[in-house]
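Q: after the sequence you'll find the predicted model.
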Amino acid sequence: MDETKSGARPRKTAAKTAAKTALKKAAPAKTAAARRPPKRAPSVPADRESMVRMAAYLRAEHRGFAPGYEIEDWLAAEAEVNERCKATPAATPRKAATRKPRAGGSGTG
């Protein structure tokens, strides 16, 4: 028979295994929070206007683009964006975590 088709597989070398382990440790873990931009109030009026424009469009789309309600859609969208901007607090620094004392004694002994 053909000797090249033996059932034995070559062993992984220690260098290959170490390289794979180091590569896994070096790669940062991506979480959903890391990929998502932080929520914040728009800093530029153009951002606010684009938000109002999108909200008004979605309202018009929801009612089937029936004519005659453009102003109502725009005003309702402005109110919605204003509420959303008010509800989003400005970024505040977090309080540093404090350590609780260990249970089981005073530490001397």
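A: That came through fine. Bear in mind the structure is a predicted one, so any value in this text is a computation, not a measurement. Numbering: from 1, shown residues only.
Q: run through who's touching stretch 60-67.
A: For stretch 60-67, the external contacting residues (CB atoms under 8 Å, 6 or more residues apart in numbering) are 69-70, 73. From N, CA and C alone the C-beta is placed, and that goes for glycine too.
Q: lowest-confidence helix or strand of this protein?
A: The weakest-scoring helix or strand in the chain, judged by mean pLDDT, DSSP states H and E, is helix 32-35 (a mean of 60).
Q: now residue 81: phi and psi?
A: The phi/psi pair for residue 81 (degrees, to the nearest 10) reads phi -70, psi -40.
Q: I meant residue 67, not that one.
A: phi -70, psi 160.
Q: how many neighbours does it have?
A: 6 (other CB atoms under 10 Å).
Q: got a pLDDT number for it?
A: pLDDT recorded at residue 67 is 93.
Q: so how far is residue 85 from it?
A: Look at residue 67 and residue 85: by CB to CB, to the nearest Å, they are 29 Å apart.
Q: which of the contacts of stretch 60-67 fall within strands?
A: Among the contacts of stretch 60-67, none falls in strands (DSSP state E).
Q: got any ranges where the protein has weak pLDDT?
A: Judged by pLDDT under 70, the chain has its weakly predicted residues at 1-17, 19-45, 88-94, 96-97, 105-109.
Q: who's in contact with residue 100?
A: Per CB under 8 Å, 6+ apart, neighbours of residue 100: none.
Q: let's verify it: helix, strand, or coil?
A: coil (DSSP: H, G, I helix; E, B strand; the rest coil).
Q: just the one 3 residues further on next, same as before
A: Classification of residue 103 into helix, strand or coil gives coil, according to three-state DSSP.
Q: and it, how many neighbours?
A: 5.
Q: can you check residue 58 too?
A: Residue 58 has 12 nearby residues by other CB under 10 Å.
Q: just the CA trace of whatever helix or strand it lives in, in CSV.
A: Per DSSP states H and E: residue 58 is located in helix 45-62. Extracted in CSV, the C-alpha atoms of helix 45-62 (Å, rounded to 0.1, in the frame of the first residue of the first chain):
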residue,chain,number,x,y,z
PRO,A,45,-27.1,72.0,16.0
ALA,A,46,-26.7,70.2,12.7
ASP,A,47,-26.8,66.9,14.6
ARG,A,48,-30.0,67.9,16.2
GLU,A,49,-31.6,69.0,12.9
SER,A,50,-30.7,65.7,11.3
MET,A,51,-32.2,63.8,14.2
VAL,A,52,-35.4,65.9,13.9
ARG,A,53,-35.5,65.3,10.1
MET,A,54,-35.1,61.6,10.6
ALA,A,55,-37.8,61.4,13.3
ALA,A,56,-40.2,63.5,11.1
TYR,A,57,-39.6,61.2,8.1
LEU,A,58,-40.3,58.1,10.2
ARG,A,59,-43.5,59.6,11.5
ALA,A,60,-44.6,60.4,7.9
GLU,A,61,-43.6,56.9,6.8
HIS,A,62,-45.6,55.4,9.6
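Q: perfect, I'm done here.
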